[in-house]
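Q: Sequence below, structure please.
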Amino acid sequence: MSRQAQRENDSHLPDEGTDSVFEKLIRLPQRGKRCFLWALDLFSAFLAIVVSMNLSGMNVGPPLANQEELWVELIFVAFAGLFSFLLGTHRIKLYGFDFNATRLLLLSASFSAAIGVLANWFGFIKLPLSVPIFSGLLFFFLACGFRTGVLGVLKYLMEHREGRGDPVAVYGAGAAGVQLISALRKAKEFLPVALVDDNSSLEGLSISSLTVRKPSELQTLTAKGLITQVLLAMPSVAESRRREILYEMKNLNCKVLVMPSYPELIGRGGFVESLKPVSTKELLGREKVEPVLPEIAKNYSDKVLMVTGAGGSIGSELCRQLLRFGPKKLILFECGEYALYSIHRELRPLAERNDVLLEAVLGSVTDRGRVEVVLLRYGVTVVFHAAAYKHLPIVEENETEGASNNVIGTRVMGEAVAASNAESFVLVSTDKAVRPTNVMGATKRLAELVTQDLQKRYPEKTFSMVRFGNVLGSSGSVVPLFREQIARGGPVTLTHGEVTRYFMTIPEAAQLVLLAGCFAKGGDVFVLDMGDPVRIWDLAERMIHLSGLTVRDSKSPSGDIEIQITGLRSGEKLHEELIMGEDLLATPHEKIMRVREPSLQSDELSTVLDELSVAIELSDGLSVRRILSKVVDGFDGGSSSRRIRAAEFVTSDR
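A: Modelled structure (predicted):
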């Protein structure tokens with residue numbers, strides 16, 4: 001660093017003496033800080049009585065004139081100090097100086113003034129009545145003023161000592177906004193420079209030393225570089241209104257952070273630590289799906305539950321939620337060793353707190369012997385079958401493994417449930433099973449058909465399935481991919497500009513699966529009312545804007561992040577569907593639907609599964625596609641280019 005730069009840098013710092021005083025003030029022990037504040041009150045009381053006596057014409061100078069005046073001053077100061085001590089005004093932290101602290105100081109001053117009035121009334125002292133009254137008022141104002149002054153000095157020294165944080169605007173001039181500003185001023189990461197609110201009656205008012213501005217001024221502030229982020233501090237506002245505000249700010253070239261709701265703040269530290277990036281689910285316009293908690297608890301408490309694919313996105317969330325309802329035992333069944341280790345380590349403390357036995361079981365759903373032993377050994381009551389290969393391009397290139405895990409694994413699990421003392425089986429399915437154009441969707445649709453057939457063959461058991469769209473934040477989903485691409489500086493890649501998808505959160509998906517188990521009567525297909533599909537291009541744009549960046553395109557060649565179209569992948573559809581027909585039935589939950597869909601005859605399905613098993617054993621991907629296309633409505637075996645490559649592989653192999 002050059003000497004000139006060093007001098008410029010040093011010019012922003014206090015000198016050594018100031019820094020030393022600052023350090024001493026900050027590092028004082030609690031007892032020392034309380035003594036300092038109490039001494040401040042004693043000095044305020046002394047100054048108040050001296051000024052009051054002079055104003056009444058007694059002409060009390062610095063060298064005290066006589067013993068009577070000294071006696072009056074000592075009495076007032078003693079009582080003021082006593083009441084301050086009893087009311088605990090010296091225990092209130094400077095940063096916590098609020099209305100309650102002001103009220104306590106007012107009480108202390110009032111009691112001191114009242115003692116003076118009574119002493120004068122009974123003749124213990126001879127003073128004009130105005131002296132004790134005015135002394136009390138002046139003591140109150142001086143005590144408040146000194147505290148405010150000391151607090152201002154400390155804030156000034158702290159800003160100069162630690163440097164200024166990123167300039168931010170706080171959206172929301174209510175109680176939460178005021179508390180957030182106070183918290184930010186104590187931290188060094190952010191510096192509040194603007195306060196914004198959509199309530200026109202607050203415009204122009206000064207709150208926490210900031211003038212309330214209109215939301216429309218945010219565009220100017222960001223354009224001039226006066227703020228780098230906007231902090232939305234409206235935790236109690238309705239979700240619909242919050243989404244409107246976020247949508248209005250989507251074109252700001254700065255990052256937007258949201259203060260969580262008050263329940264979310266519990267146990268999460270201060271306001272600054274609780275600020276979080278804008279949740280994508282808020283951008284998608286989805287209301288939270290409320291589960292029927294008593295119904296869920298009644299169905300799963302004190303039972304032995306088993307979740308297959310327990311280390312996956314949906315499986316792990318199912319396990320987290322199930323532990324809340326007090327099952328007797330929870331079996332984590334997973335074929336991936338590390339995934340099983342991770343979820344078991346995460347859930348073990350929660351299981352211990354809820355007095356639930358937690359078992360980590362390594363195994364594959366296609367291993368009939370292993371599955372049957374596990375069900376028998378632990379006495380499983382309910383099975384949630386979430387184990388599946390779900391990544392479209394991977395399954396598209398590995399047809400035999402996809403069919404083995406998704407179809408044969410479902411058959412093995414279902415038949416093992418039928419042969420055991422288990423009561424019910426819930427299959428986790430996907431919207432890609434509806435008229436699929438890819439192998440993954442076709443295998444999931446065949447798994448649904450298998451589940452329906454199991455219900456016909458074993459009517460004493462309850463087999464059901466639940467179908468939903470994409471889940472936010474799951475492994476391999478578009479949202480974490482976009483976040484990663486934006487963090488790298490782009491480009492953000494889309495397969496097609498008009499692709500739309502249904503979205504829900506992982507907790508919502510898990511709740512739907514649990515509700516399906518409660519409402520199931522046998523052979524049911526449950527679907528969530530997922531609202532309108534989301535255009536992925538719009539989602540990408542919103543994520544870029546709310547990361548404080550701009551989209552680079554022909555209209556804005558100087559933008560930050562480019563959105564590139566890579567072309568539809570083999571088997572990918574522009575628009576997904578949730579149901580095959582219009583035959584919808586109501587359930588006890590307004591956003592859960594039961595649908596009636598066609599099934600296969602048991603002998604026909606048995607023949608298909610036998611053929612599929614042979615093709616899997618021979619690693620014959622082309623035959624797997626052909627078999628799937630025979631029974632799955634909408635699936636034609638995949639793209640022609642893929643069929644050619646598969647045929648070439650089989651030919652060369654022979």
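Q: can you pull out the strands in the stretch 451-600 of the chain?
A: Secondary structure of the stretch 451-600 of the chain (DSSP state E, counting those that start in this stretch): strands located at 462-468, 470-472, 492-494, 500-501, 503-505, 524-528, 534-535, 551-552, 561-565, 584-586, 592-595.
Q: Redo the ones you listed as TSV? Include distance to residue 343.
A: Heads up, the C-betas are built off the backbone N, CA and C, glycines and all. Output for the strands of the stretch 451-600 of the chain, formatted as TSV (distance: least, Cβ to Cβ, whole Å):
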stretch	distance to residue 343
strand 462-468	21
strand 470-472	17
strand 492-494	30
strand 500-501	27
strand 503-505	18
strand 524-528	24
strand 534-535	29
strand 551-552	38
strand 561-565	34
strand 584-586	35
strand 592-595	26
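Q: Turn these into CSV, including mean neighbour count, mean pLDDT and distance to residue 181.
A: Below are the strands of the stretch 451-600 of the chain laid out as CSV (neighbours: other Cβ atoms under 10 Å; pLDDT from 0 to 100; distance: least, Cβ to Cβ, whole Å):
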stretch, mean neighbour count, mean pLDDT, distance to residue 181
strand 462-468, 25, 88, 41
strand 470-472, 22, 64, 31
strand 492-494, 20, 87, 34
strand 500-501, 19, 74, 39
strand 503-505, 22, 72, 31
strand 524-528, 24, 78, 40
strand 534-535, 19, 78, 35
strand 551-552, 18, 84, 32
strand 561-565, 16, 87, 31
strand 584-586, 11, 68, 48
strand 592-595, 19, 78, 43
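Q: so which of the ones you listed comes closest to residue 220?
A: Nearest of the strands of the stretch 451-600 of the chain to residue 220, taken as Cβ to Cβ: strand 551-552 at 20.9 Å.
Q: Neighbouring strands of the closest one in the sheet, and parallel or not?
A: strand 561-565 (parallel) (DSSP bridges).
Q: And the helix or strand where residue 411 lies, what does it pack against?
A: Using DSSP states H and E, residue 411 sits within helix 409-419. For helix 409-419, the contact count by 3 or more Cβ pairs under 8 Å, 6 or more residues apart in numbering; DSSP states H and E identifies helix 368-378, strand 382-385, strand 424-430, helix 439-457 as packing neighbours.
Q: Okay, and the closest residue to residue 619 other than its chain neighbours sits in which element?
A: The shortest distance from residue 619 to any non-neighbouring residue, by Cβ to Cβ, 6 or more residues apart in numbering, is to residue 400 (5.2 Å). Using DSSP H and E, residue 400 sits within helix 399-403.
Q: which residues are in contact with that helix?
A: Residues outside helix 399-403 that contact it (Cβ atoms under 8 Å, 6 or more residues apart in numbering) are 389, 394-395, 439-440, 443, 446, 612, 615-616, 619-621, 624-625, 628, 646.
Q: same check, this time on stretch 321-330
A: Applying Cβ under 8 Å, 6+ apart, the external contacts of stretch 321-330 come out as 296-297, 300-307, 319, 347, 350-351, 354-359, 378, 507, 510-511, 514.
Q: List the ones among those residues that fall in strands.
A: 304, 305, 306, 307, 357, 358, 359 (DSSP state E).
Q: which of the residues you listed tops the neighbour count?
A: Neighbour counts for these (other Cβ atoms under 10 Å) peak at residue 307, which has 30 neighbours.
Q: what about residue 388, neighbour count?
A: Per other Cβ under 10 Å, the neighbour tally for residue 388 reads 26.
Q: Could you pull out the buried residues of the helix holding residue 411?
A: Neighbour-count burial for helix 409-419, counted by 16 or more other Cβ atoms under 10 Å, picks out 409, 410, 411, 412, 413, 414, 415, 416, 417, 418.
Q: Reformat these as a markdown table; add distance to residue 250 and pLDDT.
A: Below are the buried residues of helix 409-419 laid out as a markdown table (distance: Cβ to Cβ, whole Å; pLDDT from 0 to 100):
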| residue | distance to residue 250 | pLDDT |
| --- | --- | --- |
| 409 | 43 | 96 |
| 410 | 42 | 96 |
| 411 | 47 | 96 |
| 412 | 48 | 97 |
| 413 | 45 | 96 |
| 414 | 46 | 95 |
| 415 | 51 | 96 |
| 416 | 50 | 96 |
| 417 | 48 | 96 |
| 418 | 52 | 95 |
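Q: Quick check: the two most widely separated of those?
A: Top of the distance list for the buried residues of helix 409-419 (Cβ to Cβ): 409 and 418, 15.0 Å.
Q: Can you tell me how far residue 567 is from residue 496?
A: In this view, residue 567 and residue 496 are 7 Å apart by Cβ to Cβ, to the nearest Å.
Q: Please identify which of the two sits among more neighbours.
A: residue 496 (16 against 8).
Q: what's downstream of the host helix or strand of residue 221, the next helix or strand?
A: Per DSSP H and E, residue 221 falls inside helix 217-223. Note on helix 217-223: by DSSP H and E, the next helix or strand toward the C-terminus is strand 229-232.
Q: returning to what we had before: which entries within the contacts of helix 399-403 meet the buried criterion?
A: The neighbour count (16+ other Cβ under 10 Å) marks 389, 395, 439-440, 443, 446, 612, 615-616, 620-621, 624-625, 628, 646 as buried among the contacts of helix 399-403.
Q: quick one: low-confidence ranges for the stretch 501-650 of the chain?
A: Across the stretch 501-650 of the chain, the ranges flagged by pLDDT under 70 are 502-503, 528-532, 569-584, 586, 588, 590-591, 638-650.
Q: same thing but 50
A: Applying pLDDT under 50 to the stretch 501-650 of the chain flags the ranges 639-650.
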